[in-house]
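K.L.:
one predicted model, sequence on top.
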Amino acid sequence: MTTRIDPCAAVGLQQLLATTQSELFRMWTSSPAPDQGELDGEYAGFLPIHGLADDMVQALVRSMYQERSRNGYWIGKAYSADEGYNVFRTATDDGYAFPRAGRFTTRIGTSLIDGRPALLMDYTAFNNGPGRSGLVDEIRRLSPGLYLGAATHPKPDGTRTEANGCFLLNGPIGPWQGADDPARELRQA
């Protein structure tokens, strides 16, 4: 079944949150890459859970949605011309902080997943957890202001993990602010 997603990002986002990961991935494979520089600013991020097994939902909660964890509660991603970062929310004694870290480089390139153009978010240029694990996210445009992302990691045999699910980005919701401590994640030469 093909789902028609409303071109209005606010309506389309609600529809996508009620869509299974397999259907989201199908949409990702048929969507175009955004233009280089199209994503500019901070974007709200979502991990749709419709149809996922309870243990997978709990794993997402443990890894992405814990305000008192090392990274915090994932809010989304931010982009400038050729780099980006993740935005988190962490609980503090006074309320909340919004750390900006988990940097990546960006470029339009050949998808590691299906060989078509995608916005590649390469974390390996930086000394952070996703970079050390070899994470590459790939973004495609569903409609203006609404994007689908898929991710892969390297496997010991030199191939990459299968990308069979997606995250969503909606925005921009705010301007680019830059990573809190750019020097902290630099790779040593």
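P.N.:
Cool, the structure landed.

K.L.:
please enumerate the helices of the chain.
P.N.:
Ranges of helices within the chain are 9-17, 21-30, 54-64, 129-133, based on DSSP state H.

K.L.:
looking at this structure, which helix or strand is least sure?
P.N.:
Lowest by mean pLDDT, DSSP states H and E among the helices and strands of the chain is helix 9-17, with a mean of 84.

K.L.:
mind listing what's buried in it?
P.N.:
Using 16 or more other CB atoms under 10 Å as the test for burial, helix 9-17 gives Ala9, Gly12, Leu13, Leu16. Bear in mind the C-beta positions are built from the backbone N, C-alpha and C, glycine included.

K.L.:
show me what that helix is packed against.
P.N.:
Helices and strands touching helix 9-17, by 3 or more CB pairs under 8 Å, 6 or more residues apart in numbering; DSSP states H and E, are strand 41-46, strand 136-143, strand 146-152, strand 167-174.

K.L.:
let's have those strands in TSV, adding distance to Asn128 and mean pLDDT.
P.N.:
Formatted as TSV, these follow (distance: least, CB to CB, whole Å; pLDDT from 0 to 100):
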stretch	distance to Asn128	mean pLDDT
strand 41-46	17	97
strand 136-143	13	96
strand 146-152	15	96
strand 167-174	18	96
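
K.L.:
as a markdown table, the ones you listed with mean neighbour count and distance to Met121 would be great.
P.N.:
A markdown table is the format used below for the helices and strands packed on helix 9-17 (neighbours: other CB atoms under 10 Å; distance: least, CB to CB, whole Å):
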| stretch | mean neighbour count | distance to Met121 |
| --- | --- | --- |
| strand 41-46 | 19 | 12 |
| strand 136-143 | 22 | 4 |
| strand 146-152 | 22 | 8 |
| strand 167-174 | 19 | 11 |
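
K.L.:
for those, which one sits closest to Leu186?
P.N.:
With CB to CB as the measure, strand 136-143 is the member of the helices and strands packed on helix 9-17 nearest Leu186 (18.9 Å).
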